[in-house]
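Chemist: dropping a prediction and its sequence here:
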Amino acid sequence: MRTMTGKRWGKVTVGLSLGLSLGALSACDELLEVSLPHLLTDAAIEGQATAETQVNSAIALFECGYTAFGLMGMGAEDTMQSIAGVAGGMHVYDNTPDTGSCDSSSSSDSWFDQIMGTRAMLTTSPDRLVATATGAGRGVYDRMQDEWELGAPGERLSAIAAIYVAASLGHMGEFLCEAAIDGSDLLTPTDMLNMAESWITNNALGHIASFGDFAMPHGIASSATSMAISMRARFRWANGNLSGAAADAATIPQGFTAWVTREQGATRRNKIYHSATEVGFSGMLGINTWWNPAIRRPNPATGQAWPDPIPFTGYFFLGIMPDGRALEAGNLPVVWAQEERDANGDPISTGNGAVADSRVQHHIQPIQGPVPEEVPDKYSANDDDIAYSSWKEMRLIEADFAHSTGNLQGAIDLVNILRTHSGLPLISGAYQTTLLADGTAVRSMLMEERRREFFAGGARYWSTKIQNTDILWFPRRQGDTPFQGYALLGAVRQLFAGDEYEQNQHFIDRGGLDARGTGCAANEAPKFN
């Protein structure tokens, strides 16, 4: 099958339909000749012959959580608003992770148990994670290192397992204020990102070096090495190590993508497509003129009032001018049509000479709400894969580093590589001259490029917003969605599960629920005290 961004080079179904408490898993039934009412039975995980099945289970669990997170994250990216009267918590800048079974319904956006569960399936060894954890070291990765003799195939499986341990840890580091692992003391985002990086450097790449590079299973990536290094680039970027991130990113060739693979059917479907487009619980948002900054708190990162309209918002009919300009004054997007359609449903042209930005596609359709709404066209089917890490993100990481060193031309050149690939106007002429004289304008250009490149892309733009809260907007528990009036919950980073603060003695010693959110920087706090 073909994804929206290119043909996947291989197609093998993971073959597991799983959550934290889903029914029998037919692929495992056939392999193990047992009925598996949970992920895998205790008996099934004892034998080394099931190592590959266990690793595949962890991959499938992570992928289900990741696609649900990408759906929910479209709220925190200013892309969607909840409208339908059901799934009302889906796109409201949610400040707590949703928990529960993997893709239990069309309106579910539960992801936390899946991402956390991935790591727990693979390793629970305190020696490999954090000293204050209380795990028994019985994950499949632990077994492959400590108990089983699998030879060269074990090195390959260990590399894959280590990649997904890193993916789980890195995800929590990017999006949570703090976390704990198996009852450990509080871990900050920096702690988690450092662990994720270490799992790539000291575990995944070590196993790959022993085995040799290989294609990831199930069409995930053409190179385990490139997937691991692209992930490390992301973790370093999120952790503020731009030079290290750019060095990693520069090794990733044009055309490389690591995928979250999707298939037809619940628990394997593309939740962004299914819920946002096929079923339609939400509607896309235009430029934010409704938040009324005059009566809201100022940006806590700067102490200054937010501009009106809110900059870097709006996803309708985005355009690029012939000289490559994508932003108007006030960091509002260039559009090629007004934010409305005529009686035939066609966009009303602005006549400004801009061309449509092909990366941000949408159409209008009836949804689970009172009137038709714009919905994303990023994906066209439930089995469209979602990019997890790609060469495009790597070029933008390199551009961020170039900007940070004052190499403004280098940043522009890297963006023009992306524009060339998408057939869009290049930054040139007088506009390029203007950018070369203004580093602040280059930063704004890069933010808009990320916003468009990462449209409906698994919350990569949300991560960008977290790193740039001085210019990128979050409502921070103020106001309501403009149509249905759902309360905006104000996530920047999300809060860890509340029961951890009441049951984990380390957290209790830090003040219990009063410690919740303390791992966030002041400008990242999801709530006001």
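Modeler: On my side now, so go ahead. Numbering: from 1, shown residues only.

Chemist: CA only for contacts and neighbour counts going forward, please
Modeler: Noted.

Chemist: isn't I466 right next to R493, touching?
Modeler: Yes - here I466 reaches R493: they are 7.1 Å apart, a contact under CA atoms under 8 Å.

Chemist: shared neighbours, these two?
Modeler: Residues touching both I466 and R493 by CA atoms under 8 Å, 6 or more residues apart in numbering: E524.

Chemist: identify the residues contacting A387.
Modeler: T257, A258, W259, V260, G457, G458.

Chemist: I466 and R493: which is more packed in?
Modeler: R493 (32 against 21; other CA atoms under 10 Å).

Chemist: so who does that one touch?
Modeler: Contacts of R493 (CA under 8 Å, 6+ apart): N95, E174, F175, L176, C177, I466, C520, E524, A525, P526.

Chemist: and the nearest residue to T134 once chain neighbours are set aside, what pLDDT?
Modeler: Distances taken as CA to CA, 6 or more residues apart in numbering put D182 closest to T134, at 5.5 Å, once the chain neighbours are dropped. On the pLDDT scale, D182 is placed at 96.

Chemist: pretty sure D182 is touching A133, no?
Modeler: Yes - contact criterion CA under 8 Å: D182 and A133 qualify, at 5.1 Å.

Chemist: A487: neighbour count?
Modeler: Other residues close to A487 by other CA under 10 Å number 18.

Chemist: my guess is it contacts D480. True?
Modeler: Yes - contact criterion CA under 8 Å: A487 and D480 qualify, at 4.4 Å.

Chemist: the stretch 151-300 of the chain: strands as residue ranges?
Modeler: 257-260, 282-284 (DSSP state E, counting those that start in this stretch).

Chemist: quick one: residues in contact with the longest one.
Modeler: With CA under 8 Å, 6+ apart as the test, strand 257-260 has contacts from 63, 66-67, 219-222, 227, 385-391.

Chemist: return the subset of the residues you listed lying in helices.
Modeler: E63, Y66, T67, M227, W391 (DSSP state H).

Chemist: before we move on, back to that, pull the most distant pair out of the contacts of A387.
Modeler: The distance between the two most remote of the contacts of A387 (CA to CA) is 13.4 Å, for T257 and G458.

Chemist: need the overlap of contacts for the two.
Modeler: Common neighbours of T257 and G458 (CA under 8 Å, 6+ apart) are A387, Y388.

Chemist: who touches G89 in this structure?
Modeler: S82, Y486.

Chemist: the strands in the stretch 1-150 of the chain, which residues?
Modeler: 2-3, 6-7, 80-82.

Chemist: who does the last one pair up with?
Modeler: Same thing as strand 80-82. Each strand paired with strand 80-82, and its direction, by DSSP bridges: strand 282-284 (antiparallel).

Chemist: who touches the helix or strand just after the strand it pairs with?
Modeler: Sequence-wise, the next helix or strand downstream of strand 282-284 (DSSP states H and E) is strand 319-320. With contact meaning CA under 8 Å, 6+ apart, strand 319-320 is reached by A326, P333, V334, V335, W336, A354, V355, A356, D357, L424, P425.

Chemist: low pLDDT regions in the stretch 1-150 of the chain?
Modeler: Segments of the stretch 1-150 of the chain classed as low confidence (criterion: pLDDT under 70) are 1-44.

Chemist: quick one: the helices in the stretch 151-300 of the chain?
Modeler: Along the stretch 151-300 of the chain, the segments classed as helices by DSSP state H, counting those that start in this stretch run 151-175, 189-198, 205-211, 224-238, 242-249, 271.

Chemist: ranking those by burial, who's on top?
Modeler: helix 271 (a mean of 31; mean count of other CA atoms under 10 Å).

Chemist: counting neighbours, which of the contacts of strand 319-320 comes out on top?
Modeler: Most surrounded of the contacts of strand 319-320: other CA under 10 Å gives V335, at 27 neighbours.

Chemist: how many residues are close by T251?
Modeler: 14.

Chemist: if I look at it, how far off is S404?
Modeler: Distance of T251 to S404, computed by CA to CA, to the nearest Å: 19 Å.

Chemist: again with A196
Modeler: The value you get for A196 to S404, if CA to CA is used, is 24 Å.

Chemist: L418 is nearest to which of the helices of the stretch 151-300 of the chain?
Modeler: Using CA to CA, the nearest of those to L418 is helix 242-249, at 14.3 Å.

Chemist: name the helices or strands packed onto the closest one?
Modeler: With contacts taken as 3 or more CA pairs under 8 Å, 6 or more residues apart in numbering; DSSP states H and E, helix 242-249 sits against helix 224-238, helix 391-404.

Chemist: for the last one, packing partners?
Modeler: For helix 391-404, the elements it packs on are helix 224-238, helix 242-249, helix 408-422, helix 439-453, judged by 3+ CA pairs under 8 Å, 6+ apart.

Chemist: try 10 Å this time
Modeler: helix 224-238, helix 242-249, strand 257-260, helix 408-422, helix 439-453 (3 or more CA pairs under 10 Å, 6 or more residues apart in numbering; DSSP states H and E).

Chemist: who's in contact with the second one?
Modeler: Meaning helix 242-249. Contacts to helix 242-249, defined as CA atoms under 10 Å, 6 or more residues apart in numbering, come from residues 226, 228-239, 390-402, 404-405.

Chemist: now with 6 Å?
Modeler: I229, A233, R236, W237, M394, I397, E398, F401 (CA atoms under 6 Å, 6 or more residues apart in numbering).

Chemist: excluding chain neighbours, what is closest to E339?
Modeler: F316 (5.8 Å).

Chemist: give me phi/psi at the one you found?
Modeler: phi -90, psi 130 (degrees, to the nearest 10).

Chemist: how much space between it and G410?
Modeler: 30 Å.

Chemist: neighbour-wise, which of the two wins?
Modeler: The residue with more neighbours, out of F316 and G410, is F316; 25 against 17, by other CA under 10 Å.

Chemist: just to revisit the earlier point, so who does the residue nearest to T134 touch?
Modeler: Here D182 is in contact with A133, T134, G135 (CA under 6 Å, 6+ apart).

Chemist: closest one of the contacts of A387 to T277?
Modeler: Of all those, T277 sits closest to G457, with 14.1 Å by CA to CA.

Chemist: and the closest one, what element?
Modeler: Under the criterion of DSSP H and E, G457 resides outside all helices and strands.

Chemist: how does the chain divide up, domain by domain?
Modeler: Domain ranges of the chain: 28-212+262-285+378-384+459-529, 316-359+406-455, per automatic domain parsing.

Chemist: and the ones you listed: which comes nearest A301?
Modeler: Distance to A301, taken as CA to CA, is lowest for domain 28-212+262-285+378-384+459-529 among these, at 4.8 Å.

Chemist: got a markdown table for the helices and strands packed on helix 242-249, with mean pLDDT and distance to G151 too?
Modeler: A markdown table is the format used below for those (pLDDT from 0 to 100; distance: least, CA to CA, whole Å):
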| stretch | mean pLDDT | distance to G151 |
| --- | --- | --- |
| helix 224-238 | 98 | 18 |
| helix 391-404 | 98 | 33 |
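
Chemist: any chance of the ones you listed in a markdown table, plus distance to P475?
Modeler: Shown next, in a markdown table, are the helices and strands packed on helix 242-249 (distance: least, CA to CA, whole Å):
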| stretch | distance to P475 |
| --- | --- |
| helix 224-238 | 22 |
| helix 391-404 | 25 |
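
Chemist: can you pull the contacts of G65?
Modeler: If you count contacts by CA under 6 Å, 6+ apart, G65 has them with W111, Q114, I115.

Chemist: give me that answer again for 10 Å
Modeler: So, once contact is read as CA under 10 Å, 6+ apart, G65 ends up touching 19, 99, 101-103, 109-118, 267, 271.

Chemist: about what we covered before: which of the helices and strands packed on helix 242-249 sits closest to D514?
Modeler: Across the helices and strands packed on helix 242-249, closest to D514 is helix 224-238 (CA to CA), at 26.2 Å.
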